[in-house]
Each structure stands twice: as C-alpha cells, then as structure tokens.
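Participant: With the sequence up front, the predicted model follows.
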Amino acid sequence: MEITPAREADLQVIQQILNENALPFSDLTTAHLSTFLVFRTDNDIIASIGTEIYKPYALLRSLAVRPAYRNKGYAAKLAEAVENVLLTKGVTFVYLLTTGADKYFARRGYLPIDRKEVPPEISATNEFRQLCPQTAVCMVKHLYRR
C-alpha cells in the first residue's frame with residue numbers, strides 16, 4: 001500500500017468513497033484532483049483526502065476511508081501526508097468543516113474556530129457556502145515545519 005497523488009481516472013472511486021462516508025462530492029471534478037492524495041492497494045483505492053489551496057490557507061475538503069479499512073491508521077497517515085504537502089506549497093493554516101469528526105481532528109491539533117473568523121478565501125468556497133450545513137464545526141490548524 002502507498003500514498004500517491006490522485007489521478008483523473010480516480011475520480012469515480014473517490015466519489016464512491018466520499019459517498020460511503022456521507023461527505024459532499026457533488027462539485028468534485030477532475031480539476032480538484034491535483035490537490036488530492038489517495039491510499040492505494042495493489043488494485044484499489046481505500047482512502048482519500050483532498051484540499052483546496054488559497055495561499056497561505058487551505059481547505060481540507062474530505063478525509064475518507066472505506067468502511068472495511070477504518071481504525072487501522074490510514075486516515076492519520078493521509079492527514080499527515082497532506083499536511084506535509086501543504087507545507088511545501090506555502091500553506092500555514094488549514095481549515096475544515098465537519099459534522100462528526102471534530103474529536104478526531106482535535107486529536108490531530110485542529111482547534112474550533114467561529115466561521116466569522118475564517119479568511120474570505122476559505123469562506124467563499126462551495127464547501128462553506130453550500131455543501132456543509134451551518135451546524136458543521138469549523139476548525140483550523142496552524143502548520144509548522146518540523
């Protein structure tokens with residue numbers, strides 16, 4: 001198994017994984033995949049994570065693992081990998097919205113933040129404006145080079 005950048009041919013599988021996890025994907029196109037990573041087995045994708053970059057900010061779009069592979073550390077490895085990629089691209093703050101994974105992201109160093117405090121580049125995204133409900137918890141993480 002390995003973490004690799006997503007390819008255009010991965011779009012349908014990523015959409016399936018997001019659907020299996022009840023995460024929004026209606027606006028997801030191949031154009032988004034340039035900032036997605038996937039966890040691949042020999043013949044399948046078992047997890048994905050995506051971002052939208054608006055330097056020095058990024059929106060963590062979706063961290064999703066197929067149900068049969070949950071609780072095995074794949075999500076943590078993907079989250080760490082994408083944060084490392086974001087650092088190389090000049091991102092210092094990562095924002096996200098979640099309707100049920102706030103405790104997971106808090107363990108990863110994300111802090112709750114009021115939506116009003118989110119930079120306009122992030123609050124203008126489809127995820128903030130349309131796809132996630134107002135009841136979703138907004139969180140932020142300051143990325144640092146180690």
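Facilitator: The structure has been received and is ready for your questions.

Participant: Counting by contacts, list what the longest helix anywhere in the chain packs against.
Facilitator: The residue-count maximum for a helix in the chain (DSSP state H) belongs to helix 74-88. Contacts defined by 3 or more C-beta pairs under 8 Å, 6 or more residues apart in numbering; DSSP states H and E place helix 74-88 against strand 2-5, strand 36-40, strand 45-54, strand 57-65. The C-beta positions use only the backbone N, C-alpha and C, and glycine is treated the same way.

Participant: need the ones you listed in a markdown table with distance to K77, mean neighbour count and mean pLDDT, can you?
Facilitator: Listed next are those as a markdown table, based on distance: least, C-beta to C-beta, whole Å; neighbours: other C-beta atoms under 10 Å; pLDDT from 0 to 100:
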| stretch | distance to K77 | mean neighbour count | mean pLDDT |
| --- | --- | --- | --- |
| strand 2-5 | 7 | 12 | 96 |
| strand 36-40 | 7 | 21 | 96 |
| strand 45-54 | 9 | 22 | 96 |
| strand 57-65 | 10 | 24 | 95 |
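
Participant: Ok, which of these comes nearest G90?
Facilitator: G90 lies closest to strand 45-54 among these, at 8.4 Å (C-beta to C-beta).

Participant: Dump the closest one to CSV, restricted to CA.
Facilitator: Once non-C-alpha atoms are left out, strand 45-54 reads as follows in CSV (Å, rounded to 0.1, in the frame of the first residue of the first chain):
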residue,chain,number,x,y,z
ILE,A,45,-8.1,2.9,-3.5
ILE,A,46,-9.1,2.6,0.1
ALA,A,47,-8.9,6.2,1.3
SER,A,48,-8.6,9.7,0.0
ILE,A,49,-8.0,13.3,1.2
GLY,A,50,-8.4,16.5,-0.6
THR,A,51,-7.6,20.1,-0.2
GLU,A,52,-8.3,23.4,-1.9
ILE,A,53,-5.3,25.8,-1.7
TYR,A,54,-5.6,29.6,-1.3
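
Participant: Test of understanding: give the bridge partners of the nearest residue to T125 once chain neighbours are set aside.
Facilitator: Take T125 and drop its neighbours on the chain: the residue closest to it by C-beta to C-beta, 6 or more residues apart in numbering is L59, 5.5 Å away. Beta-bridge partners recorded for L59 (DSSP bridges): E52, Y95.
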